[in-house]
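J.: Next come a sequence and a model predicted from it.
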Amino acid sequence: MFSYFTNHSQNTPLGTLTLQELHQQLVNPDREPFISTINIIQQLRAEPDEAEQKRIKGKLLAFTPNAMVDTKDKSATPEQKNIRYSGFMQIDIDLQENPNMTDAAAIRDKLTLIPYIALSALSARGKGVWALMALSEPTKFCQYIDLVSDYFRMARVTIDKSKSKNPTELRYFAPDPGAILKQDYILFPLVQQKLNPKLAAKSKQFHQTTSALSDLQRWVTETTGYSLVDGQKHCYILWLSYALRKNGASETEVYNTIHSSILSADQIKSNCISSGIARANAKGIYMPSTHHMNPPVVSPPSVPSKPSIINRHYISRPDPPDTKHDYIGPDGLIYIHRPGLME
């Protein structure tokens, strides 16, 4: 279910919508306050001035596609916000990041061919598209951000990550008679990324020289002075994320380690993990073979092995017997026939 608000600036929701109710009001608004959005959308799309468009857009209802929430007030505690994940992540595809998108309605319809998409519709201005992607583990919302972005990148589509990185991010409500709700869809799995074969030897060496998570936690406290106490949690998690990534853990493994062993995803309200990862990436990732003195290294928690829907590092993809169907490649990965959405 989703929470909806009078407009984008309100913190307290007016009510909730189920997936079916959301689709019904998108296709054919039959009650207020949804009926009033029809005229607002007509005014918005007829207005040539961008500043005036922004003013008109501010009148629209807004809703939270990723979760239900009791309040969006930034000063509210987690208990007051009471976030309940909807089971979906909103996908936003706009013209600015995809300049070759000339027919938004066609892209909306093509999105439904993706097995994980439950609903797709046009954006408020009618030039972009948004969709709901079903997640298998919605409480691990933040761990899906890069996976979902990479999934669409393989189809030569750039999604707006700012719309999907925050579980309580609002979306303008825009009626669309052509909005599509699928009866059947698959839950997008939280899969373990597969390393490039060229890095296999280094990865093996990395895991053979690992030590306990407590070593890195001790390093953070002794080096920076931060600990996991109120007022210091942001900086502590940032530096621990930096240490994990610096010592060879993948970005996904960093998130897994922090969320499973330190703080859960709904307890972290800042960009401390991504900031730590970004800092480590800028400095360079440590590998034991390139250093004489080994700093403390952590082995991220293991993830159950399962076929991956994406081979994020596989460079020379083998040609299947029939490229019109899904197939299992010689590396054991499941390849999904997914032509470019912009084609």
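T.: Everything's here; your move.

J.: any idea where the strands of the chain begin and end?
T.: Under the criterion DSSP state E, the chain contains strands at 2-5, 15-17, 62-64, 67-68, 84-85, 88-93, 117-122, 129-134, 171-172, 180-181, 327-328, 334-335.

J.: Pipe those into TSV and attach mean pLDDT and mean neighbour count per row.
T.: In this view, the C-beta of every residue, glycine as well, is placed from N, C-alpha and C. Formatted as TSV, the strands of the chain follow (pLDDT from 0 to 100; neighbours: other Cβ atoms under 10 Å):
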stretch	mean pLDDT	mean neighbour count
strand 2-5	97	23
strand 15-17	96	16
strand 62-64	96	23
strand 67-68	95	22
strand 84-85	95	18
strand 88-93	94	24
strand 117-122	96	24
strand 129-134	96	26
strand 171-172	96	22
strand 180-181	97	18
strand 327-328	41	14
strand 334-335	41	18
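
J.: show me where pLDDT drops low in the stretch 101-250 of the chain?
T.: Under the criterion pLDDT under 70, the flagged ranges of the stretch 101-250 of the chain are 162-164, 192-212.

J.: before we move on, back to that, redo the strands of the chain as JSON lines? Include distance to A105.
T.: Listed next are these as JSON lines, based on distance: least, Cβ to Cβ, whole Å:
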{"stretch": "strand 2-5", "distance to A105": "23"}
{"stretch": "strand 15-17", "distance to A105": "23"}
{"stretch": "strand 62-64", "distance to A105": "22"}
{"stretch": "strand 67-68", "distance to A105": "28"}
{"stretch": "strand 84-85", "distance to A105": "30"}
{"stretch": "strand 88-93", "distance to A105": "12"}
{"stretch": "strand 117-122", "distance to A105": "7"}
{"stretch": "strand 129-134", "distance to A105": "8"}
{"stretch": "strand 171-172", "distance to A105": "18"}
{"stretch": "strand 180-181", "distance to A105": "10"}
{"stretch": "strand 327-328", "distance to A105": "31"}
{"stretch": "strand 334-335", "distance to A105": "29"}
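
J.: Nearest approach to D160 belongs to which of the ones you listed?
T.: strand 88-93 (4.1 Å; Cβ to Cβ).

J.: Convert the C-alpha atoms of the lengthiest helix in the chain to CSV, please.
T.: As assigned by DSSP state H, the longest helix anywhere in the chain is helix 233-246. What follows is helix 233-246, C-alpha atoms only, in CSV (Å, rounded to 0.1, in the frame of the first residue of the first chain):
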residue,chain,number,x,y,z
LYS,A,233,26.7,7.0,14.3
HIS,A,234,26.8,8.7,10.9
CYS,A,235,30.6,9.2,11.0
TYR,A,236,31.2,5.8,12.4
ILE,A,237,29.2,4.0,9.7
LEU,A,238,30.8,6.2,7.0
TRP,A,239,34.4,5.2,8.1
LEU,A,240,33.4,1.5,8.6
SER,A,241,31.9,1.5,5.1
TYR,A,242,35.1,3.1,3.8
ALA,A,243,37.3,0.4,5.6
LEU,A,244,35.2,-2.5,4.2
ARG,A,245,35.3,-1.2,0.7
LYS,A,246,38.9,-0.2,0.9
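
J.: so which of the strands of the chain gets nearest K54?
T.: Among the strands of the chain, the nearest to K54 by Cβ to Cβ is strand 171-172 (11.2 Å).

J.: ok, the closest one: who's next to it in the sheet?
T.: strand 62-64 (antiparallel) (DSSP bridges).

J.: Number of residues surrounding the closest residue to Q232 other than its chain neighbours?
T.: Closest residue to Q232 apart from its sequence neighbours, by Cβ to Cβ, 6 or more residues apart in numbering: Y226 at 4.7 Å. Counted with other Cβ atoms under 10 Å, residues neighbouring Y226 total 18.

J.: between the strands of the chain, which one is nearest to Q42?
T.: Across the strands of the chain, closest to Q42 is strand 117-122 (Cβ to Cβ), at 13.3 Å.

J.: Sheet partners, orientation included, of that closest one?
T.: strand 129-134 (antiparallel), strand 180-181 (antiparallel).

J.: and the angle for the longest one with strand 88-93?
T.: By that I understand strand 129-134. 150 degrees (axes from the mean of the first three to the mean of the last three Cα atoms, to 10 degrees).
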